[in-house]
Each structure stands twice: as structure tokens, then as C-alpha cells.
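quick one, fold the following:
(2 chains)
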There are 2 protein chains.
Amino acid sequence: MSAAEETGGEDTPWSEVTPEAARRLLVAAVEAFAERGYHATTTRDIAGRAGMSPAALYIHYKTKEELLHRISRIGHERALRLLEAAASGDGTAADRLADAVRSFVRWHAERHTTARVVQYELEALGDGHRAEIVGLRRKTDAVVRGIISEGVRAGEFEVPDVPGTTLAVLSLCIDVARWFNAQGSRTPDEVGALYAGLVLRMVGARR
Amino acid sequence: MSAAEETGGEDTPWSEVTPEAARRLLVAAVEAFAERGYHATTTRDIAGRAGMSPAALYIHYKTKEELLHRISRIGHERALRLLEAAASGDGTAADRLADAVRSFVRWHAERHTTARVVQYELEALGDGHRAEIVGLRRKTDAVVRGIISEGVRAGEFEVPDVPGTTLAVLSLCIDVARWFNAQGSRTPDEVGALYAGLVLRMVGARR
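Below is the predicted model:
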């Protein structure tokens, strides 16, 4: 499945990346990395998929690692914004946690090709870039931990190990990118609803 | 981390693979696939890591895909045996489900390098081999679904969506291979205990 198909036609993938040639190269890089892995992909492969010459690629990206970093940063920032929006919403901690899980799962299901690249190729980032992405991941973790902690303080949730439960909740949602199949029997929204219910059980939410 | 380190010195990794040269090549292939990805690894790389010549490799494995298939089959068969042992144990469905989760998590934590290769390189298998592995995965799924269904029938568990909950439980455990870090703050046993408790909540087990 192409990155364009992944969005379900809702928007142009990576529309925040300009100019258009830079965006096309990013879409091509996601596809190539997902199919063959980062190390087996060359900048020549990526340029070819985008219908461009290697020289044209170098105008926009100096290295293959720069493409991976751009993909990873945009992916992590989007996922973080989804969670922050859910966390700052109205309602009880249970409402906000369920909303966060639904959004996060839907993103990992709909954008599973991107999410796999972002999750499985972290080691290929250069040290500085990896540190930046680790920082975004810590923020993501803090948002979910914050909602769970608020629920505990409010007496809504009963959670013996808040950091461990936060880790498990995020892990459950992220792994949707591994197994999700757009031809499968469940839609992204259905998986999101199922998982929101399971996560409320994990935090011992009062019925 | 090498595959030898992964076992914590408990046993010789892949000890069921004989002769010794074939075993060493398999260990080398797991390391190479985990570091660089299947497509970026050559049989020459694998032979070199094992301190052997490419010609010596071909005595034992005709293709790189044969190595991946062997790794994947042994990995999936081991994981299935662990779950079957837990499922056939004494005790309530809750006892057996907790035992299954602890074993499955411990395997994915201790053998995380192998598990990542097994989980992320499924697409690289040839059609016949992939069908065989999909068959093993269906059996794995059936074992966990069986325990959950028994718990529901016995009135121990309350599960509105048994197939979906089974999928989520397995996914949660498998993703341990992605994030587990042997230098991290939690041991495989600690993660197993945490996850057994969370899974009992997911199935609505009576306290």
C-alpha cells in the first residue's frame, strides 16, 4: 500500500513538507524503507521511485539519514499532538484516556507503513537526531502518564504501577502498526474503540 | 547484544540446530538481520560473522531465505510450546492465562533480538514458508483464545470481544521485543509479572 492510500484520501500525505519535490521524495522514502529496510535502500532507489534523478534528491536532502530523520520527526510530532489534544480535552480522566487511545490507535492503523519505519529504524538515526526523537518519545510518554496520574488522584483509576502501565498502554497502541491490515476485518475506528475499552480496564477505571 | 548474551547464559542458543557449523551460521544470521535488516544482509556477511567461507555456508543453507525460515520456524515453535505448556497446566483459567503471559513475555524480553527478526521480516519469507509460519501463528492465537474462552465459560472472565481481546493480549506481549532493553530498569520477570496483572484486568478477571 502506498503512503497516499494510507491516508484514505483524507489529505495529501506529508502536506507540511514543501516544496512538492521534497514531499514526493519523502513519500518515496517511506515506501522504500518499509519494503526493503533502511539499510537496503539507496538514495538512488528513492529518487527513482519519485521519478527524479539522484542529483535532484540532493538539492532537498543531503543524506539518506536526513530523510529518515525528517520522517521520524514529523511522525513523532503528529502522534504527540494527537495525544496532547486528547489530554487537554474536557471530561473525566477516563474520557480523556479513551480519547487519547482512540486517536493514537487510529493513527498507527491508518499510517501503519510510516509508523513501522518510524518505530523500527530508530537505531539508524545519527546520535543527535536520535536524541531529539527520544526527547519527543519522552513527551509522548509524559502525556499519557499525566492522564493516568490524574485519574488515580481523582479516585477514578486504580493503578499500582503508573510508569509500567503507561509503557504497556503505549506499547499496545504502537504495535497496531505491526499487525494492522487494511484488508483485515477491523477498521481503524473499530480497533480504537476496542482498545479504549481494554485500556480503561488496564487502569482499573470505575464502571 | 549477541544471541549468546540474550540467553543469559542459561543454555546454548539454538542448541537444537546441528551440526555446530549450522548452529553458528544461524546465530550469525540472527545478529546480522537484526542489525542491518534482511534485505541489506548478504550470505557473505553471515558467513564472515560466523568465521566461515561463503562456500561453507552453502553446505548448510542453500539461500538466505532458508536461514530466515529456519530462524522463524524455530522461534515460532518455541513460543507456541511455551503457551501450550501454560494452557495445559493446573489451576483456574486466570492462573493459566497469567502463566502464559509471563512465559510469553519472558521469551520476548530475553530473546528480543530473535523475536524482532521473526516478527519484522515475515514479508521476506517465500510464499510456502510464509504460509507455514502463518499456520503456527494461528495455533498460537488459538491457544490464548482457548484459555480466555474457558475463563468466560467458567464465569471467571467477562470479555465482550474474545477474538479482539486475544489479539490485543498477544500484541502487548510481542511488542516487548521492540522496547525491551537488557540495560533498562525492569527484568524480564518483572515485565512478565506486570503484564500478567494487566492482562487479567483486560479479561475482567474476578479478583
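
for A:T42, what are its contacts?
A:K64 (C-beta atoms under 8 Å, 6 or more residues apart in numbering or on different chains). All C-beta atoms are positioned from the backbone trio N, CA, C, and that covers glycine.

any bit of the longest helix seen in chain A sitting next to chain B?
Looking across chain A with DSSP state H, the single longest helix is helix A:127-153. No: remark: helix A:127-153 sits outside contact range of chain B, by C-beta under 8 Å from any C-beta of the partner chain, the gap being at least 10.0 Å.

mean confidence (pLDDT) on that helix, please.
Averaged over helix A:127-153, pLDDT sits at 97.

the very next helix or strand once past it to helix A:127-153, inter-axis angle?
Per DSSP states H and E, the first helix or strand lying C-terminal to helix A:127-153 is helix A:162-174. If you take axes from the mean of the first three to the mean of the last three C-alpha atoms, to 10 degrees, helix A:162-174 sits at 110 degrees to helix A:127-153.

report all helices and strands that the helix or strand following helix A:162-174 contacts.
Later in the chain than helix A:162-174, the nearest helix or strand by DSSP H and E is helix A:176-179. If you count contacts as 3 or more C-beta pairs under 8 Å, 6 or more residues apart in numbering or on different chains; DSSP states H and E, helix A:176-179 packs onto helix A:93-110, helix A:112-120, helix B:162-174.

helices or strands next to the longest one in the packing?
Here helix A:93-110 is seen to pack against helix A:64-87, helix A:127-153, helix A:162-174, helix A:176-179, helix A:188-202 when contacts are counted using 3+ C-beta pairs under 8 Å, 6+ apart.

and these as CSV, adding mean neighbour count?
Below are the helices and strands packed on helix A:93-110 laid out as CSV (neighbours: other C-beta atoms under 10 Å in any protein chain shown):
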stretch, mean neighbour count
helix A:64-87, 19
helix A:127-153, 16
helix A:162-174, 22
helix A:176-179, 21
helix A:188-202, 21
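
JSON lines for those helices, including distance to A:E110?
Listed next are the helices and strands packed on helix A:93-110 as JSON lines, based on distance: least, C-beta to C-beta, whole Å:
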{"stretch": "helix A:64-87", "distance to A:E110": "11"}
{"stretch": "helix A:127-153", "distance to A:E110": "18"}
{"stretch": "helix A:162-174", "distance to A:E110": "13"}
{"stretch": "helix A:176-179", "distance to A:E110": "10"}
{"stretch": "helix A:188-202", "distance to A:E110": "5"}
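
now chain A against chain B: closest residue?
Residue of chain A nearest chain B, by C-beta to the nearest C-beta: A:G37 (3.0 Å).

could you report the neighbour count for that residue?
Residues lying near A:G37 (other C-beta atoms under 10 Å in any protein chain shown) number 23.

check A:P13 too.
The tally of other residues near A:P13 (other C-beta under 10 Å) stands at 19.

turn the helices and strands packed on helix A:176-179 into a markdown table, columns for mean pLDDT and distance to B:H69.
Output for the helices and strands packed on helix A:176-179, formatted as a markdown table (pLDDT from 0 to 100; distance: least, C-beta to C-beta, whole Å):
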| stretch | mean pLDDT | distance to B:H69 |
| --- | --- | --- |
| helix A:93-110 | 97 | 28 |
| helix A:112-120 | 93 | 20 |
| helix B:162-174 | 98 | 19 |
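
the residue of chain A closest to chain B is in contact with B:G37, isn't it?
Yes: judged on C-beta atoms under 8 Å, A:G37 makes contact with B:G37 at a distance of 3.0 Å.

A:A79 against A:T140, yeah?
Yes: A:A79 is within contact range of A:T140, at 6.3 Å (criterion: C-beta under 8 Å).

circling back: tell me what the longest helix of chain A is packed against?
Here helix A:127-153 touches helix A:64-87, helix A:93-110, helix A:162-174, going by 3+ C-beta pairs under 8 Å, 6+ apart.

residues from chain A in reach of chain B?
Residues of chain A lying near chain B (C-beta under 8 Å from any C-beta): A:36-40, A:116, A:119-120, A:160-161, A:164-165, A:167-168, A:171-172, A:174-176, A:178-179, A:186, A:194-195, A:197-198, A:201-202, A:204.

export stretch A:138-150 to CSV, keeping only CA atoms.
Output of stretch A:138-150 as CSV, limited to C-alpha atoms (Å, rounded to 0.1, in the frame of the first residue of the first chain):
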residue,chain,number,x,y,z
ARG,A,138,9.6,11.1,26.5
LYS,A,139,7.0,13.9,26.0
THR,A,140,4.5,11.3,24.5
ASP,A,141,5.1,9.1,27.5
ALA,A,142,4.6,12.0,29.9
VAL,A,143,1.2,13.0,28.3
VAL,A,144,-0.2,9.5,28.9
ARG,A,145,1.3,9.2,32.3
GLY,A,146,-0.2,12.6,33.2
ILE,A,147,-3.8,11.4,32.3
ILE,A,148,-3.3,8.2,34.2
SER,A,149,-1.9,10.0,37.2
GLU,A,150,-4.8,12.5,37.2
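
please work out which residues outside it touch it.
When contacts are defined by C-beta under 8 Å, 6+ apart, stretch A:138-150 is touched by residues A:76, A:79-80, A:83-84, A:86-87, A:93, A:96-97, A:100, A:157, A:159, A:162-163, A:165-167, A:169-170, A:203.

again, only using 7 Å
Stretch A:138-150 has contacts (C-beta atoms under 7 Å, 6 or more residues apart in numbering or on different chains) with A:79-80, A:83-84, A:87, A:93, A:96-97, A:100, A:157, A:159, A:162-163, A:165-166, A:169-170, A:203.

equivalent analysis for stretch A:180-199, please.
The contact list for stretch A:180-199 (C-beta under 7 Å, 6+ apart) reads A:1, A:97-98, A:101-102, A:105-106, A:109-110, A:112, A:169, A:172-173, A:176, B:161, B:164-165, B:168, B:202.

and for stretch A:21-41?
With C-beta under 7 Å, 6+ apart as the criterion, stretch A:21-41 contacts A:2-3, A:13-14, A:17, A:45-46, A:49-50, A:52, A:56-57, A:60-61, A:67-68, A:70-71, A:113-114, A:116-117, A:121, A:124, B:36-40.

at 8 Å what do you get?
Residues outside stretch A:21-41 that contact it (C-beta under 8 Å, 6+ apart): A:2-4, A:12-15, A:17, A:45-47, A:49-52, A:56-57, A:59-61, A:64, A:67-68, A:70-71, A:113-114, A:116-117, A:121, A:124, B:36-40.
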